[in-house]
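A.B. asks: 3D, please:
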Amino acid sequence: MDAARSSHVQFGLTAGLQGRTVADLTAHDCPKVHGYVTLHDFVDDYLLPNTSRCYLVTVDNAVVGLVRADEVRSIPHEDWTHTSVQSIMRPLNSLRAVHPEMAVTKAIELMNREMLQNCRSSLTEMWWESSPESSCSGSYK
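C.D. replies: Residues are numbered from 1 along each chain as shown. Sure, this is the predicted structure:
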């Protein structure tokens, strides 16, 4: 997509989101799955018969994390029968939360900023691991 067209699309999306809050776009009936469920059963009993792609993970009736359908794909199929949903979930304390009344445009701005920071951190880690200085037994020069 060329820059002018991309800018036009972005303007249209931003205009359409003006005045909307996070609560306006939030699913309020997020399904739950027990943490002990195997990935095999999760796929068969939850993902295939439903349209939801994001599930709250519970342990002893308490929500402890979040799992997305695409995260299952990262686990080899042969491991699904002995891998639990809880073992691949993202714990609640690792998720960034925003207030439901926050403007959607502000929430998107925060997400983009955090994604950029994560990319910078990843690039720094990749550089450090691949640089000759990284073989200095953990010492800094």
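
A.B. asks: any chance you could map the helices in this structure?
C.D. replies: Taking DSSP state H as the test, the helices found in the chain are 3-17, 39-42, 69-72, 85-88, 104-130.

A.B. asks: what comes up buried for the second one?
C.D. replies: So that's helix 39-42. Neighbour counts over helix 39-42 (16 or more other C-beta atoms under 10 Å) mark 39, 41-42 as buried. In this view, the C-beta of every residue, glycine as well, is placed from N, C-alpha and C.

A.B. asks: quick one: those as TSV, columns for distance to Asp29 and pLDDT too.
C.D. replies: Below are the buried residues of helix 39-42 laid out as TSV (distance: C-beta to C-beta, whole Å; pLDDT from 0 to 100):
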residue	distance to Asp29	pLDDT
Leu39	23	97
Asp41	21	98
Phe42	18	97
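
A.B. asks: and those residues, which is closest to Leu56?
C.D. replies: Nearest to Leu56 among those is Phe42, at 12.7 Å by C-beta to C-beta.

A.B. asks: could you pull up the residues touching the closest one?
C.D. replies: Phe42 makes contacts with 33, 55, 67, 72, 85, as judged by C-beta atoms under 8 Å, 6 or more residues apart in numbering.

A.B. asks: now, of those, which are buried?
C.D. replies: 33, 55, 67, 72, 85.

A.B. asks: and the last one, how far from Leu17?
C.D. replies: Counting by C-beta to C-beta, to the nearest Å, the separation of Val85 from Leu17 is 32 Å.

A.B. asks: closest to Ala23 among the contacts of Phe42?
C.D. replies: Of these, the one sitting nearest to Ala23 (C-beta to C-beta) turns out to be Tyr55, at 20.1 Å.
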